[in-house]
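Colleague: The amino acid sequence is not available; the structure is as follows:
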Ligand SMILES: Cc1cc2nc3c(=O)[nH]c(=O)nc-3n(C[C@H](O)[C@H](O)[C@H](O)COP(=O)(O)OP(=O)(O)OC[C@H]3O[C@@H](n4cnc5c(N)ncnc54)[C@H](O)[C@@H]3O)c2cc1C
């Protein structure tokens with residue numbers, strides 16, 4: 001009997017761990033090289049839409065995710081300091097019955113912990129932490145990986161494929177595929193977690209809240225498993241200011257907006273800035289080396305789809321790596337199946353960034369569209385995102 005194929009993955013983030021689980025289920029051997037000493041606690045809230053949740057459920061994670069996530073009943077949209085929402089988009093049960101899985105919010109660390117916990121139960125997944133560096137030698141007919149392990153030893157292997165799931169600053173992309181550096185998008189996310197008591201009576205904590213303003217937009221939702229409310233405030237910042245962001249709070253004035261004033265008060269100075277960079281590259285693979293997740297296509301989070309795309313990528317690539325005659329064949333097919341969809345999602349995300357920050361009179365036209373579209377219009381407009389079946393796409 002042939003030995004199972006071995007796949008090396010750089011990065012134990014959402015993309016890398018989801019792919020490891022998918023490959024292990026097909027009986028492949030997986031080695032994940034992670035730079036950090038453990039699965040990292042960084043990040044904050046994530047919205048996990050139905051298209052991604054279906055993949056996670058298929059990996060047997062439905063109950064674990066349900067226990068640590070929350071399904072908001074809707075999204076309240078407040079343009080320009082309105083006292084009442086202009087529109088409340090329906091989520092909750094309606095999403096589940098329409099797309100076959102819930103739309104939930106959770107802390108990134110909880111999702112990564114669930115993925116890591118599941119991966120540890122597979123004997124055919126080996127996760128190596130504190131990997132200082134790795135090199136890929138593609139000069140011969142086979143791919144050779146060398147990785148520096150924490151004890152100083154060098155691990156050498158000739159895997160079937162190497163997948164860079166090493167995030168927006170991927171060295172797999174920049175060093176091993178001659179791909180471009182990530183580029184600053186002009187926007188910064190300011191993140192904060194505040195106790196629900198600080199916002200009771202200010203926001204409806206059964207829902208997600210979206211504040212729209214020419215100078216910023218703000219997304220808020222509860223994370224009851226962590227007894228906290230996740231806030232993400234998005235501002236325009238000049239590139240020259242980026243190195244000093246952590247020495248100041250966002251420059252947002254609440255003026256006559258009591259809701260915003262209460263939110264800003266609840267955080268005080270405790271904002272954590274996160275510079276938003278994007279990746280645009282047509283090259284996702286060469287030979288037996290390929291990319292998934294942010295490493296291939298990081299995008300602004302204004303449609304909340306970066307992690308969802310990473311999860312979909314994993315579901316599409318796993319069966320291809322399991323069944324294709326060569327890694328190159330698997331990666332080519334993967335790029336053909338995924339690139340147009342990813343580009344479309346990147347474009348919608350970028351265009352939301354403009355729409356959310358529109359100034360008068362364009363903001364009036366935007367508000368009319370939001371009102372006329374109704375509470376369920378987004379289901380129809382975005383059915384191509386939420387209704388996508390990544391599992392079937394990879395296996396067909
Ligand atoms: C403010 C904000 C809000 C967001 N909200 C949402 C949302 O609501 N919904 C959604 O779907 N997405 C959201 N996203 C996007 C989402 O966070 C990312 O798209 C997602 O985390 C990408 O996952 P990844 O596994 O590709 O990369 P990462 O999560 O960055 O993981 C990369 C992993 O690789 C490791 N690594 C890096 N370099 C190396 C190396 N050289 N060797 C070994 N390991 C390495 C890292 O330590 C890390 O563990 C948001 C992003 C931001 C910034």
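Modeller: Received, thanks. If you're wondering where the values come from, they're calculated on a predicted model, not measured in any experiment.
Colleague: do stretch 135-145 and the ligand meet?
Modeller: No. On the criterion C-beta under 6 Å from any ligand atom, stretch 135-145 is out of touch with the ligand, staying 11.0 Å away. The way it works is simple: take the backbone N, C-alpha and C, and place the C-beta from them, glycine included.
Colleague: and that stretch, what's its mean pLDDT?
Modeller: Model confidence over stretch 135-145, given as mean pLDDT, is 90.
Colleague: What is the neighbour count of residue 351?
Modeller: For residue 351, the neighbour count with other C-beta atoms under 10 Å is 13.
Colleague: who's in contact with the lowest-mean-pLDDT helix or strand in the chain?
Modeller: Ranked by mean pLDDT, DSSP states H and E, the weakest helix or strand in the chain is helix 377-381, scoring a mean of 88. For helix 377-381, the external contacting residues (C-beta atoms under 8 Å, 6 or more residues apart in numbering) are 89, 90, 94, 95, 98, 373, 386.
Colleague: Could you pull out the buried residues of stretch 107-120?
Modeller: Buried residues in stretch 107-120, counting neighbours by 16 or more other C-beta atoms under 10 Å, are found at 107, 108, 109, 110, 111, 112, 113, 114, 115, 116, 118, 119.
Colleague: repeat for stretch 173-188
Modeller: For stretch 173-188, by 16+ other C-beta under 10 Å, it's 173, 174, 176, 177, 179, 182, 185, 187, 188.
Colleague: Give me the distance between the fifth one and residue 219.
Modeller: Spelled out, that is residue 179. According to C-beta to C-beta, to the nearest Å, residue 179 stands 30 Å off from residue 219.
Colleague: re earlier: now do the helix or strand that the least confident helix or strand of the chain is followed by, average pLDDT.
Modeller: Next in sequence after helix 377-381, counting helices and strands by DSSP states H and E, comes helix 383-386. Mean pLDDT, taken over the full extent of helix 383-386, equals 96.
Colleague: one step back: show only the entries of the contacts of helix 377-381 found in strands.
Modeller: 89, 90 (DSSP state E).
Colleague: Tell me the gap between the biggest strand by length in the chain and the middle of its chain.
Modeller: When the chain is parsed with DSSP E, its longest strand is strand 183-194. Computed by C-alpha atoms, centre = their mean, to the nearest Å, the chain-centroid distance of strand 183-194 equals 14 Å.
Colleague: Next to the ligand, which bits of the stretch 51-200 of the chain? Give me the list.
Modeller: That would be 131, 165, 166, 167, 171, 189, 191, which are the residues of the stretch 51-200 of the chain within reach of the ligand (C-beta under 6 Å from any ligand atom).
Colleague: Which of those residues fall in strands?
Modeller: Per DSSP E, the subset of those in strands is 189, 191.
Colleague: What are the contacting residues of stretch 361-368?
Modeller: Contacts of stretch 361-368 (C-beta under 8 Å, 6+ apart): 79, 80, 86, 212, 214, 355, 358.
Colleague: in this protein, which spans are helices?
Modeller: 14-25, 50-58, 62-68, 92-99, 108-120, 171, 258-267, 294-297, 306-323, 327-356, 362-373, 377-381, 383-386, 390-395 (DSSP state H).
Colleague: Quick one: which of the residues of the stretch 51-200 of the chain next to the ligand is the most crowded by neighbours?
Modeller: In these, the most neighbours by other C-beta under 10 Å go to residue 165, 32 neighbours.
Colleague: where in this protein is pLDDT low?
Modeller: For the chain, the stretches flagged by pLDDT under 70 are 1.
Colleague: so what's residue 87 up against?
Modeller: Residue 87 neighbours (C-beta under 8 Å, 6+ apart): 76, 77, 370, 371, 373, 374, 375.
Colleague: Just give me the closest of those residues to residue 136.
Modeller: Distance to residue 136, by C-beta to C-beta, is smallest for residue 77 among the contacts of residue 87, at 46.4 Å.
Colleague: Count residues in the vicinity of the closest one, would you?
Modeller: 20.
Colleague: who touches it in this structure?
Modeller: 85, 86, 87, 88, 89, 210, 212, 370.
Colleague: cool, and residue 56?
Modeller: 18, 48, 62, 65, 311.
Colleague: any idea what sits nearest the last one, other than its immediate chain neighbours?
Modeller: Meaning residue 311. residue 52 (4.2 Å; C-beta to C-beta, 6 or more residues apart in numbering).
Colleague: And the fourth one, by the same measure?
Modeller: Closest residue to residue 65 apart from its sequence neighbours, by C-beta to C-beta, 6+ apart: residue 56 at 5.9 Å.
Colleague: For residue 28, state which of the residues of the stretch 51-200 of the chain next to the ligand is nearest.
Modeller: For these, the nearest to residue 28 is residue 165 (15.1 Å; C-beta to C-beta).
Colleague: contacting residues for the closest one?
Modeller: Here residue 165 is in contact with 9, 10, 11, 13, 15, 16, 19, 291, 292, 293, 295, 310 (C-beta under 8 Å, 6+ apart).
Colleague: of these, list those near the ligand.
Modeller: Restricting those to those near the ligand - C-beta under 6 Å from any ligand atom - leaves 10, 11, 13, 15, 16, 293, 295, 310.
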